[in-house]
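>>> Provide a 3D model corresponding to the input given below.
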Amino acid sequence: MRCFFHLVKGRVVLTDNIGVDAADRETAIAEILMALRDLRTSDPDAEEHWEGWSLKIVDHTGYVLSTISLDEAAKGMEFPQRQWQYS
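Next comes the predicted model:
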């Protein structure tokens, strides 16, 4: 399934026109939470700009699969651990 991640703050919408392929809704949510965790680790000051923003995960029809408040993410939301696969 193709998922798109739109950043939203009030009437401002930054639209993701590329998206990513995910096996299902839960996988898409886990991937974005890991990306937010990685961003927070690499740039601790990034959270200062997250206030009031949310991330809407939508499918190819525009149906909202989930909404993640970046305020909550900045306040220490539980992030899944990345599982590395070795070949």
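>>> nearest residue to residue 68 other than its sequence neighbours?
In space, and not counting its chain neighbours, residue 68 is closest to residue 55: 4.6 Å by Cβ to Cβ, 6 or more residues apart in numbering. In short, each C-beta sits where N, CA and C put it, glycine included.
>>> who's in contact with that neighbour?
Residues in contact with residue 55, defined by Cβ atoms under 8 Å, 6 or more residues apart in numbering, are 5, 6, 7, 8, 32, 67, 68, 70.
>>> tell me the pLDDT of the last one.
Each residue has a pLDDT score; the one for residue 70 is 83.
>>> and it, how many neighbours?
Using other Cβ atoms under 10 Å, residue 70 has 21 neighbouring residues.
>>> quick one: residues contacting it.
Applying Cβ under 8 Å, 6+ apart, the residues near residue 70 are 36, 50, 51, 53, 54, 55.
>>> repeat the analysis, applying 6 Å as the threshold.
50, 53 (Cβ atoms under 6 Å, 6 or more residues apart in numbering).
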